[in-house]
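S.K.: 3D, please:
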Amino acid sequence: MDLNELSAKSHFEDVLLQPEKDTPAKHDDVYIIGIAGGTGSGKSTFTNRLKAEFGDQVTVIYHDNYYRSNDGIPFEERKKINYDHPDALETSLLVDHLMELRAGRPVLCPVYDYTQHNRSDKVIPVLPSKVIIVEGILVLQDERLRDLMDIKIYVEADADERILRRVVRDVEERGRDLRGIIQQYLTTVKPMHYLYVEPTRAKADLVINSGMNEVAFDVMRAKIMELLG
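M.R.: Model prediction:
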């Protein structure tokens, strides 16, 4: 756990030890922003830019951390799981956590280990704030999540760009080999994108082209500033 996690944990414990104090955010004035899009579309880039802009004024929570635990499944079998299907994610837990955060209560977010294709034994303390951003390929697919959101964003990009970005990410950040990436993309990522991810484009309030779209970023920055008051 790095220093930021230690600091967050300390703050988290302070909140728990002083339940009588006013929490940082109340239900009535908390806003949830959902950012979806296909793999490699730039949704994480867009999300991280907003987080860098506003720092601790906003809370970011990633759907990817809620992949289900597969402790009873051998590693080679875990590699074959369809991680792009909605059933691979424990979305009900994310919904519970968002409701807790919106009510002003901190949560312990699970951590997913991509190198092991399994949820790790670590957790990250997540503190509430007035603006909560939830990011992931399927965050607009689940009606329970959509109903919690005040603003829904879909980030899109050309399919060729998306697969190239995924290759670079999976090799450099997740320790995957090229052959495995290609096989996974063709067997699960691509078909699930057209079946579950792309249809959620129609559910979005705002559709943007790439995570580096400056006009869209300026619009969302202004909107978040307004929400923060």
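
S.K.: immediately after the lowest-mean-pLDDT helix or strand in the chain, which helix or strand?
M.R.: The weakest-scoring helix or strand in the chain, judged by mean pLDDT, DSSP states H and E, is helix 3-17 (a mean of 43). Where DSSP states H and E defines the elements, the next helix or strand beyond helix 3-17 is strand 31-37.

S.K.: output the longest strand belonging to the protein.
M.R.: strand 118-126 (DSSP state E).

S.K.: for the record, mean pLDDT for that strand?
M.R.: If you average the pLDDT over strand 118-126, you get 94.

S.K.: that strand - contacts with which helices or strands?
M.R.: helix 3-17, strand 107-113 (3 or more Cβ pairs under 8 Å, 6 or more residues apart in numbering; DSSP states H and E). For the C-beta atoms, the positions are set from N, CA and C on the backbone; glycine is no exception.

S.K.: for the one residue sitting closest to the centre of the chain, which non-adjacent residue is closest in space?
M.R.: Nearest residue to the geometric centre of the chain (Cα atoms, centre = their mean): Tyr62, 2.2 Å. Of all residues not flanking Tyr62 in the chain, Glu135 sits nearest, at 5.5 Å (Cβ to Cβ, 6 or more residues apart in numbering).

S.K.: Arg176 now?
M.R.: Closest to Arg176 by Cβ to Cβ, 6+ apart is Asp170, at 4.0 Å.

S.K.: buried sites along the helix or strand where that neighbour lies?
M.R.: Per DSSP H and E: Asp170 is located in helix 159-174. Across helix 159-174, burial judged by 16 or more other Cβ atoms under 10 Å covers Arg162, Ile163, Arg165, Arg166, Val167, Arg169, Asp170.

S.K.: now, which of these sits nearest Gly55?
M.R.: Closest to Gly55 out of the buried residues of helix 159-174 is Arg169 (24.3 Å), distances taken as Cβ to Cβ.

S.K.: residue contacts, the closest one?
M.R.: Gly40 (Cβ atoms under 8 Å, 6 or more residues apart in numbering).

S.K.: returning to what we had before: now for the helix or strand just after the helix holding Asp170, which elements pack on it?
M.R.: Helices and strands here follow DSSP H and E; after helix 159-174, the next one along the chain is helix 178-184. Judged by 3+ Cβ pairs under 8 Å, 6+ apart, the packing partners of helix 178-184 are helix 159-174.

S.K.: okay, the helix it packs on in PDB with CA atoms only?
M.R.: Only the C-alpha atoms of helix 159-174 are listed here, as PDB (Å, rounded to 0.1, in the frame of the first residue of the first chain):
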ATOM      1  CA  ALA A 159     -12.300   0.300 -33.000                       C
ATOM      2  CA  ASP A 160      -8.700   0.100 -34.400                       C
ATOM      3  CA  GLU A 161      -7.500   2.800 -31.900                       C
ATOM      4  CA  ARG A 162      -9.300   1.000 -29.100                       C
ATOM      5  CA  ILE A 163      -7.600  -2.400 -29.700                       C
ATOM      6  CA  LEU A 164      -4.200  -0.800 -30.100                       C
ATOM      7  CA  ARG A 165      -4.500   1.000 -26.800                       C
ATOM      8  CA  ARG A 166      -5.700  -2.200 -25.100                       C
ATOM      9  CA  VAL A 167      -2.700  -4.100 -26.400                       C
ATOM     10  CA  VAL A 168      -0.300  -1.500 -25.000                       C
ATOM     11  CA  ARG A 169      -2.100  -1.300 -21.700                       C
ATOM     12  CA  ASP A 170      -2.400  -5.000 -21.200                       C
ATOM     13  CA  VAL A 171       1.300  -5.600 -22.000                       C
ATOM     14  CA  GLU A 172       2.700  -2.700 -20.000                       C
ATOM     15  CA  GLU A 173       0.300  -2.600 -17.000                       C
ATOM     16  CA  ARG A 174      -1.200  -6.000 -16.700                       C
END
